[in-house]
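> turn this into a model:
(one chain, ligands or ions: 2)
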Amino acid sequence: MKVCVLPGDGIGPEIVGQAVRVLEALRQDGVKLEMETALLGGCAVDAAGDPYPEATRKLARQADAVLLGAVGGPQYDTLPREQRPERGLLGIRKDLGLFANLRPAVLYPELANASSLKPEVVAGLDILIVRELTGDIYFGEPRGIETRDGANGKERVGFNTMIYSESEIRRIARVSFEAAMKRNRKLCSVDKMNVLECTQLWRDVVTDEAKNYPDVALSHMLVDNAAMQLVRNPKQFDVMVTGNMFGDILSDEASMLTGSIGMLPSASLDEKGKGLYEPIHGSAPDIAGQGVANPLATILSTAMMLRYTFGLEAAAARIEAAVKKVLAQGLRTGDIHEAGMKKVGTREMGDAVIAAL
Ligand code: IPM
Ligand code: MG
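Ligands and ions are numbered 1, 2, ... in the order given. Here you go, the predicted model:
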């Protein structure tokens, strides 16, 4: 079982460090992972002038799974676009064909007060957002900024292309129907078919694919309404499926329902179950290097890795139970801290999870 570890930038190395310790603590349980570290993002630009260097590409392609921290930082924002850390992330997703991004938003009862919504609105919340990850306006061509003749003479125009093929929609629809079958058999597909042809096709294909899943109750929702319903009555949702762009936005929104973006893991899978696992939060440059970041989203990402790529359900469940236990013990990093709880740093949180294991 080969894992390519990509700590990345900002708080990345700190949180990945704790996740790796958790995986090592499970060695006695048959979790025998070979881990090798490489560079992705800003650190790779600094070292090799490329956010997704050849050495990383090689290692990531050979590995069964990838564990990623986070990429990016303000010092890279002025670099040419192809050298930005985010390009490294988009590059590895595309290169490995990781089209299915699973982003669960689960509210831990201990953190009900950390949510900005009323506890009764979010109590028991358990949503899975399935986001398409290798298509849409993120990758569509043509794209660019160029000077064109306009009514008032020459001016710059910026443009991107929103595009989905039927097969791309069908394969992500299948992933979401399969996920719904393992949960409460409710799937909501999110689009903007009242305006965008691309998402009319999305709705048509998802509707067609539903014929193969008669046990799943499929509904459709326009993205603006979905954004509203997520804060009005989030518990109406079980599984949501949507494109790359809408999924990016809705998954950040959903994360806040649970109190902290520092708690949420994600999996990005290819057709065969190879996956890249990462917290959904970013590199948090403002707190990097201070040892205060919340490692739980990354630790929970390792649980997803054991479950989805390696089929080690028992070990995955043990990690998740250990996280629940440390929360029940009252341990909190700064992002989820409240009065009466014990404030801990990144490493102490890792220690506590390992002890709970
Ligand atoms: C995410 C991030 C990325 C995205 C950025 C960093 C390129 O926001 O994983 O949600 O937009 O996909
Ligand atoms: Mg995002």
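
> excluding chain neighbours, give the residue nearest to whichever residue of the stretch 101-250 of the chain sits closest to ligand 1 in space.
Closest residue of the stretch 101-250 of the chain to ligand 1, Cβ to the nearest ligand atom: residue 248 (4.5 Å). In short, each C-beta sits where N, CA and C put it, glycine included. Spatially, and ignoring its direct neighbours in sequence, residue 248 is nearest to residue 131 (7.0 Å; Cβ to Cβ, 6 or more residues apart in numbering).

> is any residue of the strand or helix carrying that neighbour near ligand 1?
Assessed by DSSP states H and E, residue 131 sits inside strand 126-132. No - contact of strand 126-132 with ligand 1 (Cβ under 6 Å from any ligand atom) is absent, the minimum separation being 8.0 Å.

> what bridges to residue 106?
On the basis of DSSP bridges, residue 106 is bridged to residue 126.

> now do the same for it: its pLDDT.
On the pLDDT scale, residue 106 is placed at 92.

> quick check: it touching residue 126?
Yes - with contact defined as Cβ atoms under 8 Å, residue 106 reaches residue 126; the gap is 5.1 Å.

> who has more neighbours out of these two?
A direct count of neighbours by other Cβ atoms under 10 Å for residue 106 and residue 126 places residue 106 higher, at 18 against 15.

> which residues touch the strand or helix carrying residue 299?
Using DSSP H and E, residue 299 sits in helix 296-308. Helix 296-308 has contacts (Cβ atoms under 8 Å, 6 or more residues apart in numbering) with 3, 15-16, 18-19, 22-23, 26, 31, 65, 67, 69, 102, 261-267, 269, 273, 275, 277-281, 312-313, 315-317, 319-320, 323, 333, 349-350, 353.

> quick revisit: burial check on the residue nearest to residue 248, number of neighbours?
Residue 131 has 28 nearby residues by other Cβ under 10 Å.

> that one touches residue 251, doesn't it?
Yes - applying Cβ under 8 Å, one finds residue 131 in contact with residue 251, separated by 6.1 Å.

> picking that back up, just the pLDDT for the residue nearest to residue 248.
Looking at residue 131, its pLDDT is 98.

> quick check: the gap between it and residue 288.
Applying Cβ to Cβ, to the nearest Å, the value for residue 131 to residue 288 is 26 Å.

> where does residue 13 land in three-state SS?
Classification of residue 13 by DSSP: H, G, I helix; E, B strand; the rest coil places it in helix.

> so who does the nearest residue to it once chain neighbours are set aside touch?
Spatial nearest neighbour of residue 13, chain neighbours left out: residue 7 (4.0 Å); criterion: Cβ to Cβ, 6+ apart. By Cβ under 8 Å, 6+ apart, the residues touching residue 7 are 13, 16-17, 37, 43, 69.

> please repeat the previous calculation with a cut-off of 6 Å.
Contacts for residue 7 (Cβ atoms under 6 Å, 6 or more residues apart in numbering) come out as 13, 16, 69.

> by mean pLDDT, flag the weakest helix or strand of this protein.
None of the helices or strands of the chain scores lower by mean pLDDT, DSSP states H and E than helix 119-122, at a mean of 90.

> what about dumping the CA coordinates of it to PDB?
C-alpha atoms of helix 119-122 as PDB (Å, rounded to 0.1, in the frame of the first residue of the first chain):
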ATOM      1  CA  PRO A 119     -28.500  24.300  17.000                       C
ATOM      2  CA  GLU A 120     -31.900  22.900  16.100                       C
ATOM      3  CA  VAL A 121     -31.300  23.700  12.400                       C
ATOM      4  CA  VAL A 122     -28.100  21.800  12.200                       C
END
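
> run through the bridge partners of the residue nearest to residue 248.
In this entry, residue 131 is beta-bridged to residue 101, residue 242, by DSSP bridges.

> surely it touches residue 247?
Yes - assessed by Cβ atoms under 6 Å, residue 131 is found in contact with residue 247 at 2.7 Å.

> count of residues packed around residue 145?
By other Cβ under 10 Å, 9 other residues sit near residue 145.

> ok, residue 23 to residue 170 distance?
Taken as Cβ to Cβ, the span from residue 23 to residue 170 is 34 Å.

> which one's more surrounded, the two?
Taking neighbours as other Cβ under 10 Å, residue 23 and residue 170 compare with residue 23 leading, 22 against 13.

> check contacts around that one.
With contacts defined as Cβ under 6 Å, 6+ apart, residue 23 is in contact with 33, 302.
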